[in-house]
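**Student:** the following comprises the amino acid sequence and a computationally predicted model.
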There are 2 protein chains.
Amino acid sequence: MTTREKLASLREEMKTNDIEAFIVYSADPHMSEYLPDEWQERTWLSGFTGSAGFVVITLDKAGLWTDGRYFTQAPIELKDSGIELFKEGVEGTPHYIDWIISETSNNAKIAVNALATSHNNWEEVETKLNLNNRQLIDKALLEKVWTDRGSVSKNPVFVHPIERAGQTVTDKITAIRNEMKKEKATAHIISSLDDVAWTVNLRGSDVACNPVFLGYIYISLDEAILFVDLDKLDEEAKALMKESGVEIREYSDFFNFLTTINKETIWIAKNSNHSVFEKVKAKNSLIKKPAPGHLMKAVKNSSELKGFETVMLRDGIAMVNFLYWLTHNVGKKELDEYEIGQKLLEFRQAEENLVGNSFASIVGYKGNGAIIHYSAPSSGSAKVLAEGSILIDSGGQYLEGTTDITRTIPLGQVDHEFKVDATLALKGLIKLSMVKFPKGTKGVQLDSLARMALWEEGKDYNHGTGHGVGSFMNVHEGPQSIRKDLHPTALEEGMVLSNEPGYYVEGKYGIRHENLIVVKEWKKTEWNTFYEFKTLTLCPFFTNIIKESLLTNEEKKWLNDYHHHCKEKLSPFLEGKVKKWFLNLVAPI
Amino acid sequence: MTTREKLASLREEMKTNDIEAFIVYSADPHMSEYLPDEWQERTWLSGFTGSAGFVVITLDKAGLWTDGRYFTQAPIELKDSGIELFKEGVEGTPHYIDWIISETSNNAKIAVNALATSHNNWEEVETKLNLNNRQLIDKALLEKVWTDRGSVSKNPVFVHPIERAGQTVTDKITAIRNEMKKEKATAHIISSLDDVAWTVNLRGSDVACNPVFLGYIYISLDEAILFVDLDKLDEEAKALMKESGVEIREYSDFFNFLTTINKETIWIAKNSNHSVFEKVKAKNSLIKKPAPGHLMKAVKNSSELKGFETVMLRDGIAMVNFLYWLTHNVGKKELDEYEIGQKLLEFRQAEENLVGNSFASIVGYKGNGAIIHYSAPSSGSAKVLAEGSILIDSGGQYLEGTTDITRTIPLGQVDHEFKVDATLALKGLIKLSMVKFPKGTKGVQLDSLARMALWEEGKDYNHGTGHGVGSFMNVHEGPQSIRKDLHPTALEEGMVLSNEPGYYVEGKYGIRHENLIVVKEWKKTEWNTFYEFKTLTLCPFFTNIIKESLLTNEEKKWLNDYHHHCKEKLSPFLEGKVKKWFLNLVAPI
């Protein structure tokens, strides 16, 4: 079916149901960052494969809204589709709701599949449409249009053992119930896949890069039910659920189950899909707050932190071997960005318990490094030569933990300006690595430390400084962050974050330095408990792109200490030429 | 009347009106920081004179809630009053709403004078009470109890001339109407006294320290009405209103006028008193957002900034003369904190166009300096000797602008620890003074810069780093701030703020260094427009309490440059011994 045929078929459904516009977000029922194949509705319908963007179809028009990352790719993929590109963030681009209003008649019905949008978003859209005499309705119009969407994954769901999880399922559910009691909630629904997996100490592989599985959890004060495809659970998983007092039911029974809930006070996060709210709202009262397990998951226990240390060692070894390979093969054999990413995966696969990439690697040569969410195509990616620099942002999922690291690698001569920028960004990473801060401090209070050296030169970077990282779990995890945004979550001991300042010159180069850090108690004073960050990542930076004269003595000391630490940890596992090269890399400046 | 008699009389009123509890906040109809005498209801009723606290009276009990600043003073003032002290912020102290619920019966009526509480607070209290089967009603019960509350001020209202205001009333009202149109508002009510005074370029003196007058403004798309005691306006003020198209009506007509408004979309800030909302809500629709003039007022124009420069010179001369006097008389004559504050006012009064203090001076000797909101009593304040240090936080209202400055002054030997703390706090002031930051940056992103040096020693201070400052207007002005709080207002060119890190050791000493700073454009880069702060205050710091070894070269340079600047500006206006002493003070370190 061509895109035009798909749209025609969808419009027939729209007419049958008296619907004037249909919105297709890029979302699944769990608001996942990566979508399972059967939920790639926007991609299937429009042909546009970017990671962000949504489509609106009216009876005679269609539009795709996406951001600057895809202004080159989208027109190519949308060619002859009949779908117009609306460039988000560009002056004059209408907001899609305004566009819908202008393209539909008074009292028109606008439809969305409520399963594939959050309650939060539903409410926003509904409010705006109602103010303009339009109605928002729930209709899964693509059900009859996309008939070959394939079957749901049957990937196994397996136990994340207690020595790695560090807390029993029983204890987690008890902790959640304690929070429920404080809020006077009698029931709780968990729908984020990482929160589901964390709560029951299970893992799966239903979506790319994230070791999660499709599921919902319902917890009342005396029962706990996991809704999951029962075929996927191995015996060990079933036994764990039984001993933890968790009943298991079919994933497909969840919405029927919801209709039986009555007179409960249900705690449910607003980022749950809107269908869940529709099913329970009439007969129950709702507490709309972030799930209590969400914050608990972010605070890593000692077993999880031990896991991080274990995998950092493996990941560091893989990285150093890879970096040796890259710097010693570039210019000698033909290499392109995509192959380099694959090769890095091979080096990680040589390490124990690697499950796969923790996200789609970003391998950006020269100007491609300046494209923040760059993804090298599997064929036809840029050739990489022994000149300029390459930015590589990658990570691994290991059974014991998750990694995320970025290094900026010189492949030949780099100019003065590049070195200055690389140093300014590194100063940011170091400043954040060294800060001490009192309990209660939020990420936004620290974000500027990573930017200050750049700001002093009138420069900045257009992304956050730090995101939370899961423990053999999603590489992007909330609620904590280090960003310009006014996010209210205070940093707590045990939270793992990335520390990744950068600088980007369009068409020329991209620089990013990224380590993972964990919040640790520094000391208790008469004032407060003070925290500091401990760096988890073990992999040297290329000091030959650093302008030593721009570093303060303290910063130099931090860098030398860090390299010394990498040397202590990694060199026992390195050999021969790689080791020799590595020892040179970590030599003090 | 004793407090017990007042309470008895109030309880009669409560019984007559079938009211089980009455709340008396410390507020006036304009939510002012300083209350006009006739609105000191809480003080009159309870005898408690602190700046913060409120009273709840039931039929058989009474309680005062106040914070740690007043835990010593309150029990003395409440003695034999029958009012119990509830210590806010102390474990086990009930929230006053919970206490009210526990002390009243089901379906009880709880009263507040809606004129003396914000809509915001009203809604919060009402929601909590309703959830617990209590009713909140508006009743000015003290009207019949406090019969001799005195008459409203007849202080003159006078013109703040265009050369100081920098923008005509007509232009301001046009700008407000433009914002109204964007929000589709057809009417707007202004009730904050500083916003009222700013809008119509008038000033008054109805409350202490703030050059404002009691008034409301109503603006529709074609009319503007100032409600003010007409007797107070001089001819010039009346003429200005006339030429600006502003109708003037009696202050006392305002609420009657509100009942005539019909079918308007009224923009009104949620910190307006709740009575206003009650009067208009049935027949109009409301847009509850901060008043548009509030942000406009915060962004100072060139005339206002010129005014700041003018008054900083005067204030600096007064401060230097005062500091000379203080350091040369302490130990030689008997001095107490209160007298020192009065003497400082005298030095300011010697300067042109001083109107008065911009707030109640804080003069805290030794341990009193550690009490952040300390106010020396007019009699019996601490004797000040030639030893230890004194913290003096003060400011002046001049016709051309407003000042606010804190210096920490050594009066004799100070110990090593004091010097270290004084240096750490000064490093914070300097760091914030030097920062460059992109347009869009919010205060919370910069707050940590002022604290970082203290954090590195496990120290901090328990107040904000910076507040907005008005132009011959309130010394505390919104919406911008530099604090730990997640406040969404971005810093804009022309905003004036304080920069006041400190450190406090209970019972020993208080340190605070405070300058006023203004946001200026630093440069436009390909990245963004970048801002920096320019320091407005002209007065040296005492370098003999600074540990030079703890300052970086950059920090030393900033301090020396600042002192050089003070020397250039102030020394032409100083003479004899004072000048000689001053030149020594500003000598480079």
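**Tutor:** Looks like it arrived, so ask away. Residues are numbered from 1 along each chain as shown, chains lettered A, B, ... in the order given.

**Student:** with adjacent residues omitted, what lies nearest to the residue nearest the centre of chain A?
**Tutor:** Closest residue to the average C-alpha location of chain A: residue A:476 at 3.3 Å, with C-alpha atoms, centre = their mean. Of all residues not flanking residue A:476 in the chain, residue A:467 sits nearest, at 5.2 Å (C-beta to C-beta, 6 or more residues apart in numbering or on different chains). Heads up, the C-betas are built off the backbone N, CA and C, glycines and all.

**Student:** which stretch of helix or strand covers residue A:226?
**Tutor:** strand A:224-228 (DSSP states H and E).

**Student:** so the following helix or strand past that strand versus strand A:224-228, what angle?
**Tutor:** Once the chain leaves strand A:224-228, the next helix or strand it forms, by DSSP H and E, is helix A:235-243. On the basis of axes from the mean of the first three to the mean of the last three C-alpha atoms, to 10 degrees, helix A:235-243 is oriented at 150 degrees to strand A:224-228.

**Student:** now find how far off-centre helix A:235-243 is within its chain.
**Tutor:** 29 Å (C-alpha atoms, centre = their mean, to the nearest Å).

**Student:** for the next helix or strand after that helix, buried residues please.
**Tutor:** Of the helices and strands lying after helix A:235-243 in sequence (DSSP H and E), the nearest is strand A:246-249. For strand A:246-249, burial by neighbour count (16 or more other C-beta atoms under 10 Å in any protein chain shown) applies to A:246, A:248, A:249.

**Student:** what's the local residue count around the residue in the stretch 201-350 of chain A positioned nearest to chain B?
**Tutor:** At 11.8 Å from chain B, residue A:285 is the closest residue in the stretch 201-350 of chain A, using C-beta to the nearest C-beta. Residues lying near residue A:285 (other C-beta atoms under 10 Å in any protein chain shown) number 13.

**Student:** got phi/psi on it?
**Tutor:** Per-residue torsions, residue A:285: phi -100, psi 150 (degrees, to the nearest 10).

**Student:** just give the nearest non-adjacent residue to it, would you?
**Tutor:** residue A:265 (5.1 Å).

**Student:** so that neighbour sits right up against residue A:188, yeah?
**Tutor:** No. Counting by C-beta atoms under 8 Å, residue A:265 does not reach residue A:188; the two are 9.6 Å apart.

**Student:** please say which of the two ends up with more neighbours.
**Tutor:** Between residue A:265 and residue A:188, residue A:188 has the larger neighbour count (other C-beta under 10 Å), namely 28 against 15.

**Student:** now that one: how far from residue A:179?
**Tutor:** 9 Å (C-beta to C-beta, to the nearest Å).

**Student:** so what's the residue in the stretch 351-500 of chain A positioned nearest to chain B up against?
**Tutor:** At 3.4 Å from chain B, residue A:458 is the closest residue in the stretch 351-500 of chain A, using C-beta to the nearest C-beta. By C-beta atoms under 8 Å, 6 or more residues apart in numbering or on different chains, the residues touching residue A:458 are B:436, B:522, B:523, B:525, B:527, B:528, B:530.

**Student:** ramachandran angles for it?
**Tutor:** With angles defined as degrees, to the nearest 10, residue A:458 sits at phi 70, psi 30.

**Student:** picking that back up, check what pLDDT the residue nearest to residue A:285 gets.
**Tutor:** Looking at residue A:265, its pLDDT reads 97.

**Student:** what's the helix or strand of chain A with the lowest mean pLDDT packed up against?
**Tutor:** Of all helical and strand segments in chain A, the minimum by mean pLDDT, DSSP states H and E falls on helix A:73-78, at a mean of 91. The contact analysis (3 or more C-beta pairs under 8 Å, 6 or more residues apart in numbering or on different chains; DSSP states H and E) places helix A:73-78 against strand A:62-66, strand A:84-87.

**Student:** got the buried residues for that helix?
**Tutor:** Those would be A:74, A:77, A:78, for helix A:73-78 by 16+ other C-beta under 10 Å.
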